[in-house]
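Peer 1: sequence plus predicted model, see below.
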Amino acid sequence: MQILPIIFIDSLRVMIFILVQVLIAITNTILMKRLGKFAKAKRQPKVSILVPARNEQETIANCVKSLLSQKYENYEVIVLNDNSQDRTGEILKSIQSERLRIIEGKPLPKGWIGKSWASQQLATEANSEFIFFTDADTIHQPMTVPYAVEAMETGNIDLVTGIIGSKTITFGELITVPFPTWSIFTILPLVVAYTLPRSTAFSAANGKFMFFRKKVYDKIGGHAAIKENAVEDIELAKLVKKNGYKWRLLDASRLVSCRMYHNFSEALDGFTKNYFALFGYKILIAVFVWCWMALITFYPIVTLFKNSIDRGFWYAVFSMIGTGLLWFLTSVKFGFPLYLFLLYPLIISISIFIGIRSMFLTITGKTIWKGRRIEPSKIRWL
């Protein structure tokens, strides 16, 4: 019974892994520049802000109004009403602005994920130099677009994507919503991602903030190239890197905010559609990652209950301190409650459960989002 832990995991290995995470978080803090920290752009190229909206009556008005309040001269807002069954279309028609254009979505073709189809239709309508995909539940500060253009222009970037601010009001949101941000911030080494510009293994993106050069978006095939994948944002980022274009992940948390879900049930369903897709629908990789997350979280805790105080005990102590520091740094940088580190065992447990649920429902063809079944074309063992 002792062979497995000796070969695969012990307190020292866990501590080393967590210390590497701490190093990643520190370097990411430096490399993940904040929007607004770039030099002023010398020109104002036209920007098309593209918003897919399906059954968004609770949020669409505030989102569009915030986008229409940008301190930037050369832009338009195009919203696609994606066959909404609520008052989304009616609310959109009540908003009067010369900058706003509303289009009605076409029926979803076979083989497409709904959001990708809506986004592709929006991109077809846009003729600007830059296109900015965002979601209907976001709120944007007036300098969002000018600061994004500054980053694109002065950094000569082809895709700017950003981590935005996430509002967590209920306890159910607090134990689900921060995990994706924590994962990117502490596991994705931007120093490696930027050093290996064509490596798709080191990619991340946020569909709520995808600022493209339109010609680059078209050259990589747009959303049509990843039409069956539920994590269309990450797949687009991979295509950008694979084709040799410049991608940057920035901190947009002080400019854009979102309350993704309003309770645990909504978060459960929302993340269930994505978590298996994050691993390319590869079963063994997903199982390995979730098992590893469980081990590095709970192995140190279990070790503390040993009768003897030896090196393993102290390794476990340092591991837990390091993990707490990771969650604290995430909270400080992205605006989560500072006490979040106290909840990390629960957050990881819930995330693992959602990951397993996502895999099971996807394999059995039962993943549904906003009334549509999500059916990926390829589910593989490895």
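Peer 2: Great, that's in hand.
Peer 1: in contact with the closest residue to Val289 other than its chain neighbours, which residues?
Peer 2: Among residues not flanking Val289 along the chain, Phe279 sits closest, at 6.7 Å (C-beta to C-beta, 6 or more residues apart in numbering). The way it works is simple: take the backbone N, C-alpha and C, and place the C-beta from them, glycine included. By C-beta atoms under 8 Å, 6 or more residues apart in numbering, the contact list for Phe279 reads 285-286, 289.
Peer 1: ditto for Leu304
Peer 2: So Leu304 contacts 313, 316-317, 320 (C-beta under 8 Å, 6+ apart).
Peer 1: and what of Leu92?
Peer 2: 53, 60, 64, 79, 81, 102.
Peer 1: which ones among these are found in helices?
Peer 2: 60, 64 (DSSP state H).
Peer 1: need the contacts of Leu92 in a markdown table with distance to Lys227 and pLDDT, can you?
Peer 2: Supplementary listing: the contacts of Leu92 in a markdown table, determined by distance: C-beta to C-beta, whole Å; pLDDT from 0 to 100:
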| residue | distance to Lys227 | pLDDT |
| --- | --- | --- |
| Ala53 | 19 | 97 |
| Ile60 | 24 | 97 |
| Val64 | 26 | 98 |
| Val79 | 21 | 98 |
| Asn81 | 20 | 96 |
| Ile102 | 24 | 97 |
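Peer 1: ok, of the contacts of Leu92, which one's closest to Met293?
Peer 2: Nearest to Met293, judged by C-beta to C-beta, of the contacts of Leu92 is Ala53 at 33.9 Å.
Peer 1: that closest one pairs with what?
Peer 2: Ala53 has the following beta-bridge partners by DSSP bridges: Asn81.
Peer 1: of the contacts of Phe279, buried ones?
Peer 2: Among the contacts of Phe279, those classed as buried by 16 or more other C-beta atoms under 10 Å are 286, 289.
Peer 1: so what does the lengthiest helix in the chain touch, helix or strand wise?
Peer 2: In the chain, taking DSSP H as the definition, the longest helix is helix 311-334. Packed against helix 311-334 by the contact rule (3 or more C-beta pairs under 8 Å, 6 or more residues apart in numbering; DSSP states H and E) you find helix 11-31, helix 178-187, helix 283-303, helix 344-363.
Peer 1: let's go with 6 Å and repeat that
Peer 2: helix 11-31, helix 178-187, helix 283-303 (3 or more C-beta pairs under 6 Å, 6 or more residues apart in numbering; DSSP states H and E).
Peer 1: only alpha carbons, please: show it as CSV.
Peer 2: Output in CSV follows, covering the C-alpha atoms of helix 311-334 (Å, rounded to 0.1, in the frame of the first residue of the first chain):
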residue,chain,number,x,y,z
ARG,A,311,10.4,16.3,7.5
GLY,A,312,7.2,15.2,5.8
PHE,A,313,5.2,17.1,8.4
TRP,A,314,7.1,20.3,7.8
TYR,A,315,6.9,19.9,4.0
ALA,A,316,3.1,19.6,4.4
VAL,A,317,3.1,22.7,6.5
PHE,A,318,5.0,24.7,3.9
SER,A,319,2.8,23.3,1.2
MET,A,320,-0.3,24.6,2.9
ILE,A,321,1.3,28.0,3.6
GLY,A,322,2.2,28.1,-0.1
THR,A,323,-1.3,27.2,-1.3
GLY,A,324,-2.8,29.8,1.0
LEU,A,325,-0.4,32.4,-0.4
LEU,A,326,-1.5,31.5,-3.9
TRP,A,327,-5.1,32.1,-3.2
PHE,A,328,-4.3,35.3,-1.3
LEU,A,329,-2.3,36.6,-4.2
THR,A,330,-5.2,35.8,-6.6
SER,A,331,-7.6,37.7,-4.3
VAL,A,332,-5.4,40.7,-4.1
LYS,A,333,-4.7,40.9,-7.8
PHE,A,334,-8.2,40.2,-9.1
